[in-house]
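Asks: Got a predicted structure here, sequence first:
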Number of protein chains: 2
Amino acid sequence: MSRLPTVHDVARAAGVSRQTVSNVLNSPGIVREDTRERVRKAIDDLGYRPHASARRLRTQKSSTIGIRLDPMVDGISGSILDRFLHALTEQADAVGLRILLFTAARPEDEIRQFGRLIDGSDVDAFVLTSTFHGDPRTEWLIEHGQTFVTFGRPWGIDDMNDPRHAWVDVDGRAGVRAATESLLERGHKRIGFLGWPTGSGTGDERAGGWRDAMVAAGLGDGLVSLLETAVDTVADAREASARLVENGGGLDAVVAASDSLALGAVVQTNGALPVIGFDNTPVSAAMGFSSVDQRLDEVAAGVLDLLTHNEGTVPRHRLVTPELVLRSSHPPVVPDER
Amino acid sequence: MSRLPTVHDVARAAGVSRQTVSNVLNSPGIVREDTRERVRKAIDDLGYRPHASARRLRTQKSSTIGIRLDPMVDGISGSILDRFLHALTEQADAVGLRILLFTAARPEDEIRQFGRLIDGSDVDAFVLTSTFHGDPRTEWLIEHGQTFVTFGRPWGIDDMNDPRHAWVDVDGRAGVRAATESLLERGHKRIGFLGWPTGSGTGDERAGGWRDAMVAAGLGDGLVSLLETAVDTVADAREASARLVENGGGLDAVVAASDSLALGAVVQTNGALPVIGFDNTPVSAAMGFSSVDQRLDEVAAGVLDLLTHNEGTVPRHRLVTPELVLRSSHPPVVPDER
DNA sequence: GAAACTGGTTTGATCGTTCAAATGCGTGTA
DNA sequence: TACACGCATTTGAACGATCAAACCAGTTTC
């Protein structure tokens, strides 16, 4: 393993100076056609690759995005982050950006990590996931003039359009509405909603989508008896589903705020009712129930777009419309009980 | 945002030279006690952080590990990589290493990525996941003198102990054996195994664990009727489970090679039989069936240990014993059918 | 009493790249 | 002829750290 070639080696091989080589790489426009080709050839011949750290030292830019790997969420939906990460990595690579991971147990720790990564010039932008109301992280980043994009809209009162806070989110309301409408179209009328306890912006939006669809279909009366909430576990969801069946008065379908909740409903009702979940996790595919897909590749594209087109574009956010993935005709889970 | 402090600033503040500051950071032992303290104080006061890129440029080390984010595996077990990644990131951070992600669709692409990352001094080691028989990636890395560790043993014939190929793997055989034994202890005798089609090293090992336990318990006769295979989907697993029930002659428990397969068995038998899966995925937790946990934190620790203690330690591999996670007393999934 | 050693610290050079200013050269213009 | 101008390219310096060698004051050794 001999020493790797540097700009200097390339320059000598092509009979030009260091800077010209650098220019061919960074601003090819200002180099004369024939010299450019000569340098390109030398680069290929020698197999030259710019040394990332040297470049970063000089430019004070890292071309690297930092993202925190969430502490393990137990619950089926944990894999959304996984899929998002994959989409992000793939698309970032295409525009010459790298993804650097870090972990942090609490928001304070995460902020400390921000400091470390910035000071070391390790990253020059952050992607935040799972933002919540009054998130201290975004405050800190804005205050310290860092570029970042959140996956998840800011749930504070009036900063939804604050240009300093770029965000991408999935329109959960529209997704759940579409899911509900697809059931309505197939003749279902007593469609229950299995949601999370009120208070989380995301959850309330999803419940809103169901309500919207029901009201628009003229089924707005007595919706309370069709609404149940549970924390995001299958056990809890089963209990809530049982209550839904009991009070729902001829319940004939269920829309859930997540695949975990949907799984609870599927298991509890033994597959007798059509159930539509949210997130299109592998579990929904495995169990064969429908689900709303977040289109994480679009989210990733939006994130990168906002990151790379710094401050330029308006608005500084994107709302991605999710896609309903319909599966089978809701066959009973246990065939011999159809 | 004024300029960040450098070694120079710290040196001046502490009334010493650059190099002394550097020594305090990298080899504190050679600096006199009082000077060391003075420098430390200056570092704290100024909030100095070493500039990672400058250090990397000088030392020609990146302190960064490259890992490929697998293309989305549909199937429930996809989240193991996710969990491994998390454990790895967390523990790498503790020893000052960072994780850089990249993607590649095919092995050739991955090899191309290796080249790019090495040449740019972006990473100085790789972690490979899901190795397979005759994997070209390990060949390439060995040939190019790169340090790497694979999660998954080399499934070739005789290179299991090749010191150039460091690996960490989970002892699936022991895990499945433990699972089977726990069922035997509780009086079960007709324990079926739901595996993958023969040919994958991992799958064969797991099946072997079940066979070992059964034979050791004196139940080695007619094991064929208790063995069924299916590809890793729930639908397939359900069919295989049905066959198992039909041919198993009083089948009273099932051990499966994965949680996807286990889920199929649980659903198909409607929770009437105890089922033990493999991977301890969120799904097993959600559905409440037992599973064998891979102990990914131990795997991550082993990987880092092998990476950091370069060439020194022998053997150059670790076999992690997984842990059986027992859940509930296998209650029927649908209570009113107990 | 000069030479050799020791522990602690400083100095100059260097890693590979890009920035900013300088250079050289051909053209058009006064 | 001289001067300014634009274009393509080169030159010196800098980014922030570490390495290797030099330095310096005290001891110790012969």
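Replies: Received, thanks. Bear in mind that the values here come from a model prediction, so they are computed numbers and not experimental data.
Asks: Report the separation between the closest residue to DNA strand D within the stretch 101-250 of chain A and DNA strand C.
Replies: Proximity of the stretch 101-250 of chain A to DNA strand D (C-beta to the nearest atom of the strand) peaks at A:Ser121, 7.7 Å away. For every residue, glycine as well, the C-beta is placed using N, CA and C. Spatial separation of A:Ser121 from DNA strand C under the definition C-beta to the nearest atom of the strand, to the nearest Å is 12 Å.
Asks: That residue contacts B:Arg56, correct?
Replies: No: A:Ser121 lies out of contact with B:Arg56 (C-beta atoms under 8 Å); the separation is 10.1 Å.
Asks: Would you map the strands across chain A?
Replies: Across chain A, reading from the start of the chain, the strands by DSSP state E fall at A:64-68, A:98-102, A:125-129, A:148-151, A:166-170, A:191-195, A:227-229, A:253-256, A:275-278, A:290-293, A:317-320, A:323-325.
Asks: Output those strands in CSV, with mean neighbour count, mean pLDDT and distance to B:Val224 appended to each entry.
Replies: Converted to CSV, the strands of chain A look like this (neighbours: other C-beta atoms under 10 Å in any protein chain shown; pLDDT from 0 to 100; distance: least, C-beta to C-beta, whole Å):
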stretch, mean neighbour count, mean pLDDT, distance to B:Val224
strand A:64-68, 23, 91, 49
strand A:98-102, 22, 89, 46
strand A:125-129, 22, 92, 49
strand A:148-151, 24, 94, 51
strand A:166-170, 24, 94, 49
strand A:191-195, 26, 97, 44
strand A:227-229, 20, 96, 48
strand A:253-256, 31, 96, 42
strand A:275-278, 30, 96, 38
strand A:290-293, 24, 96, 39
strand A:317-320, 18, 94, 52
strand A:323-325, 16, 96, 40
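Asks: Of these, give the one that comes closest to chain B.
Replies: Proximity of the strands of chain A to chain B was assessed by C-beta to the nearest C-beta; the nearest stretch is strand A:98-102, lying at 4.4 Å.
Asks: and the closest one, is it in reach of chain B?
Replies: Yes: if you take C-beta under 8 Å from any C-beta of the partner chain as the test, strand A:98-102 does meet chain B, through A:98-102.
Asks: wait, which of the residues you listed is closest to B:Ile80?
Replies: Minimum distance to B:Ile80 across those is 16.7 Å, recorded for A:Leu101 (C-beta to C-beta).
Asks: Can you report how many residues neighbour A:Thr321?
Replies: A total of 11 residues lie near A:Thr321 under the criterion other C-beta atoms under 10 Å in any protein chain shown.
Asks: and it, what is it in contact with?
Replies: Contact partners of A:Thr321, counting by C-beta atoms under 8 Å, 6 or more residues apart in numbering or on different chains, are A:170-171, A:174-175, A:295.
Asks: before we move on, back to that, from A:Arg56, how far out is the residue of the stretch 101-250 of chain A closest to DNA strand D?
Replies: 6 Å (C-beta to C-beta, to the nearest Å).
Asks: can you check A:Arg32 too?
Replies: According to C-beta to C-beta, A:Arg32 stands 29 Å off from A:Arg56.
Asks: The two - which one has more neighbours?
Replies: A:Arg56 (22 against 9).
Asks: ok, the closest residue to that one other than its chain neighbours - contacts?
Replies: Leaving out its chain neighbours, the residue that sits closest to A:Arg56 by C-beta to C-beta, 6 or more residues apart in numbering or on different chains is B:Ser53, at 4.0 Å. With contacts taken as C-beta under 8 Å, 6+ apart, B:Ser53 has the following neighbours: A:53-54, A:56-57, A:62, A:120-122.
Asks: A:His188 now?
Replies: The neighbours of A:His188, taking C-beta under 8 Å, 6+ apart as the test, are A:252-253, A:274.
Asks: Perfect, I'm done here.
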